[in-house]
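coords below, sequence missing:
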């Protein structure tokens with residue numbers, strides 16, 4: 001009897017350990033099944049070249065951008081749409097790491113933990129992007145072969161309607177020299193999310209904001225009184241500091257504060273930056289979100305970098321006009337201009353409208369995420385009016401098919417044409433859109449980048 005009881009005890013312990021192991025494995029399967037299933041070794045999901053063979057991507061209007069047929073990943077039939085949407089949709093081999101195909105595999109694969117591979121088909125789940133394919137293709141054509149990025153989004157909801165990064169290529173006809181040809185350098189990067197560039201004059205509203213929120217007219221010029229908004233600045237074409245000077249393209253003479261922005265007066269903004277001081281300028285650059293990394297779905301945007309504090313006055317003056325070592329990310333700049341339009345805050349950009357299963361049922365729908373408060377409401381109102389005057393006085397309202405407020409930026413290069421920007425927003429109440437255009441070696445910001453923005457807006461109002 002003792003032997004029987006002893007054996008029963010041993011068997012009970014073994015059974016308990018066995019059941020505990022089963023429970024552990026079931027829990028591990030519950031937690032990790034999708035990760036195991038999605039590993040690149042799963043030949044039911046991937047081709048021999050590790051191309052994802054399930055899942056569909058469409059635009060906001062249901063236009064198919066990428067799908068799988070007969071074991072091959074395919075793309076839209078229009079070459080311009082394929083090239084324009086490449087960086088958001090993704091290449092077949094996941095070399096564009098910020099794309100939908102690369103970052104949203106879990107959403108694209110229709111996986112059932114109970115059925116396993118039996119639940120997988122070519123259609124998979126459908127990721128519905130916020131993009132309008134036709135509008136995005138228009139932005140691509142407007143760039144006319146130049147390298148850069150364009151984005152237009154709804155600053156109230158965060159939905160990106162058009163986003164292009166160049167250089168790009170056709171994922172249905174991948175160039176043989178893609179890896180070696182310098183013309184394709186950076187083709188795997190989405191410049192809107194992952195790069196930074198010298199902003200030039202598109203950063204002047206940040207300096208103006210800092211001045212409006214911390215200074216009186218007497219702080220800038222002891223001979224003047226009252227609020228800074230009523231002050232006058234006399235541009236003589238050059239402003240000198242103890243250790244250097246900053247030039248303007250021309251002598252602007254006496255100007256109101258609003259006119260300094262419309263004239264893009266380097267002397268005025270260099271003077272404001274030095275009067276504010278490096279610590280205050282640095283504080284407002286951070287407050288405006290220009291050093292922030294925004295989270296766009298599964299993507300973290302590049303952070304802007306600025307060398308402001310502890311530098312000589314004339315270097316601080318150049319930093320105040322968006323030069324020196326200033327570097328800004330296009331996405332952060334777009335949110336800032338969206339916040340001007342939105343009264344101090346703006347939605348963070350987003351590329352995903354929803355995820356649906358094969359029956360059309362919505363599985364996931366991202367909610368709008370708002371930025372921090374980037375400025376006071378009164379400052380936003382002043383900047384909206386000033387940037388609207390900028391368009392009226394400098395760029396010409398007739399160039400654009402709707403009412404906009406905007407600022408250009410032109411950054412000279414040691415060789416080739418200047419890099420250029422055009423950033424702004426529509427001012428019509430029923431069109432809550434902000435936009436940014438950046439072109440490498442494009443020429444004048446007001447002309448080249450402004451023309452791209454005008455072409456994009458013409459397609460938008462259609």
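Nice, I can see it. All values derive from a computational prediction rather than experimental measurement. Numbering: from 1, shown residues only.

grab the nearest non-local neighbour of residue 236.
Setting aside the residues directly before and after it, residue 236 is nearest to residue 251 in space (C-beta to C-beta, 6 or more residues apart in numbering), at 6.0 Å. For glycine as for every other residue, the C-beta is placed from the backbone atoms N, C-alpha and C.

show the contacting residues for the one you found.
Residues in contact with residue 251 (C-beta atoms under 8 Å, 6 or more residues apart in numbering) are 235-237.

got these as TSV, with pLDDT columns?
Putting the contacts of residue 251 into TSV (pLDDT from 0 to 100) gives the following:
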residue	pLDDT
235	95
236	95
237	93
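
tell me, how many residues neighbour residue 344?
Close neighbours of residue 344, defined as other C-beta atoms under 10 Å, add up to 17.

residue contacts, the residue positioned nearest the centre of the chain?
Residue closest to the average C-alpha location in the chain (C-alpha atoms, centre = their mean): residue 331, at 2.7 Å. Neighbour list for residue 331: 151, 192-193, 294, 296, 301, 349 [criterion: C-beta under 8 Å, 6+ apart].

restrict the contacts of residue 251 to the buried ones and give me that as a PyMOL selection.
Buried residues within these, by 16 or more other C-beta atoms under 10 Å, are selected in PyMOL with:
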select buried, resi 235
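
make CSV from the contacts of residue 251 and add secondary structure to it.
What follows is these, written out as CSV (DSSP: H, G, I helix; E, B strand; the rest coil):
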residue, secondary structure
235, strand
236, coil
237, coil
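
ok, of the contacts of residue 251, which one's closest to residue 382?
Among the contacts of residue 251, residue 235 lies closest to residue 382 (C-beta to C-beta), at 20.4 Å.

tell me what the closest one is bridged to.
Beta bridges link residue 235 to residue 253, judged by DSSP bridges.

ok, now which ones touch it?
Per C-beta under 8 Å, 6+ apart, neighbours of residue 235: 248, 251-255, 260, 263, 265, 267-268.

measure it to residue 422 for me?
Distance, residue 235 to residue 422, using C-beta to C-beta, to the nearest Å: 23 Å.

re the thing from before, tabulate the contacts of residue 251 (JSON lines), appending distance to residue 215.
JSON lines is the format used below for those (distance: C-beta to C-beta, whole Å):
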{"residue": "235", "distance to residue 215": "18"}
{"residue": "236", "distance to residue 215": "21"}
{"residue": "237", "distance to residue 215": "24"}
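
tell me the one of the contacts of residue 251 nearest residue 459?
residue 235 (37.7 Å).

wait, doesn't residue 365 sit right on residue 354?
Yes: the pair formed by residue 365 and residue 354 meets the contact definition of C-beta atoms under 8 Å, at 4.3 Å.

just want to know which of these two has more residues nearby.
The neighbour count for residue 365 versus residue 354, taken as other C-beta under 10 Å, is higher for residue 354 (16 against 11).

make sure the more buried one is indeed in a strand.
Yes: checked against three-state DSSP, residue 354 lies within a strand.

local confidence estimate at it?
Residue 354 carries a pLDDT value of 96.

and it, how close does it get to residue 87?
Here the criterion is C-beta to C-beta. By it, residue 354 lies 21 Å from residue 87.

what of residue 256?
Here the distance between residue 256 and residue 87 works out to 42 Å (C-beta to C-beta).

what about those two, which has more around it?
Higher neighbour count among residue 256 and residue 87: residue 87, with 26 against 15, using other C-beta under 10 Å.

my guess is that one contacts residue 167, does it?
No: assessed by C-beta under 8 Å, residue 87 is found out of contact with residue 167, at 10.2 Å.

which residues touch residue 57?
Contacts of residue 57 (C-beta under 8 Å, 6+ apart): 64-67, 89-90, 100-101, 108, 126-127, 129.

now, among those residues, which is nearest to residue 73?
Nearest to residue 73, judged by C-beta to C-beta, of these is residue 66 at 6.5 Å.
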